[in-house]
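K.L.:
structure, please.
(2 chains)
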There are 2 protein chains.
Amino acid sequence: MKNPESSPAASIPDVFDPTCSSRHALELIAGKWPMLIISALENGPMRNAALMRRLGDISQKMLTQTLKELERNGLVIREDMRTVPPHVEYSLSPVGRSLSETLLVLDRWAETHFGALDAARERYDTERRK
Amino acid sequence: MKNPESSPAASIPDVFDPTCSSRHALELIAGKWPMLIISALENGPMRNAALMRRLGDISQKMLTQTLKELERNGLVIREDMRTVPPHVEYSLSPVGRSLSETLLVLDRWAETHFGALDAARERYDTERRK
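P.N.:
Below you'll find the model as predicted:
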């Protein structure tokens, strides 16, 4: 090691280290909108209006903002067909696709276990109302 | 079908349906703090102070609040040893443990791909500065 300050441990990516870029990557995707958008694009390119419908209750502003941040980080590709009327499509980049596979597992987890969470919440709230 | 209003599709859990409980489950875990807390507890029970250290830059208020919501939804178990001085431990419930396994895959994804995200972001910002 030329520089005694840089320990080997400091160079291992660790989401628990707030100064590590991997923590920033996790923060970028750790939100319901980034997660749902990436999952929605799993089946192929989509236009803005189709994404709005698929996501159900997202505002146009939030959708635009989230898509821009995902594009900026190379997870989503924005393709402007330069037609009149305008036709813009969003799709997953290869790295976005690798993420979507992991997120689908999380979606399935939520769809499998939400009943247990609902029941636990009801128990917790009932006990505290006594 | 006795009730023509209740289509079979309506009973299939779908995180894309804002009225579905599975969407709420996803919203609960889709945040950096719930995700990091669940991952941190993967290796066994932890006390408040140890969690604070592990998470790096969380406030006490946010940690307390997130732990309470995770406990309320049955993902985290809070155990008060009723000693003086007080000793309270947090651990994963079985359903919390099933989530932690999925989240670890996401942590590893962030630790593997953050470089690609950093590079994409730099390219994006440089192009737009021109």
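
K.L.:
so where do the helices sit in chain A?
P.N.:
For chain A, the helices defined by DSSP state H occupy A:21-29, A:32-40, A:48-55, A:60-72, A:94-129.

K.L.:
how about the fourth one and chain B, any contact?
P.N.:
This points to helix A:60-72. Yes. Counting by Cβ under 8 Å from any Cβ of the partner chain, chain B has neighbours in helix A:60-72: A:71-72. No exception for glycine: its C-beta is placed from N, CA and C like everyone else's.

K.L.:
what of the last one?
P.N.:
Yes. On the criterion Cβ under 8 Å from any Cβ, helix A:94-129 is in touch with chain B at A:95, A:98-99, A:102-103, A:105-107, A:109-121, A:123-125.

K.L.:
if we can go back for a sec, reformat the helices of chain A as a markdown table; add mean neighbour count and distance to residue B:75.
P.N.:
Converted to a markdown table, the helices of chain A look like this (neighbours: other Cβ atoms under 10 Å in any protein chain shown; distance: least, Cβ to Cβ, whole Å):
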| stretch | mean neighbour count | distance to residue B:75 |
| --- | --- | --- |
| helix A:21-29 | 22 | 18 |
| helix A:32-40 | 22 | 17 |
| helix A:48-55 | 15 | 25 |
| helix A:60-72 | 16 | 26 |
| helix A:94-129 | 16 | 7 |
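
K.L.:
now those in CSV, with mean pLDDT and distance to residue A:12?
P.N.:
Below are the helices of chain A laid out as CSV (pLDDT from 0 to 100; distance: least, Cβ to Cβ, whole Å):
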stretch, mean pLDDT, distance to residue A:12
helix A:21-29, 93, 10
helix A:32-40, 96, 25
helix A:48-55, 96, 36
helix A:60-72, 97, 26
helix A:94-129, 94, 20
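
K.L.:
any chance of these in JSON lines, plus distance to residue A:86?
P.N.:
Below are the helices of chain A laid out as JSON lines (distance: least, Cβ to Cβ, whole Å):
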{"stretch": "helix A:21-29", "distance to residue A:86": "27"}
{"stretch": "helix A:32-40", "distance to residue A:86": "20"}
{"stretch": "helix A:48-55", "distance to residue A:86": "10"}
{"stretch": "helix A:60-72", "distance to residue A:86": "14"}
{"stretch": "helix A:94-129", "distance to residue A:86": "23"}
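
K.L.:
residue B:83: which of these is closest?
P.N.:
Nearest to residue B:83 among these is helix A:94-129 (22.8 Å), distances taken as Cβ to Cβ.

K.L.:
and the angle for the closest one with helix B:94-129?
P.N.:
If you take axes from the mean of the first three to the mean of the last three Cα atoms, to 10 degrees, helix A:94-129 sits at 140 degrees to helix B:94-129.
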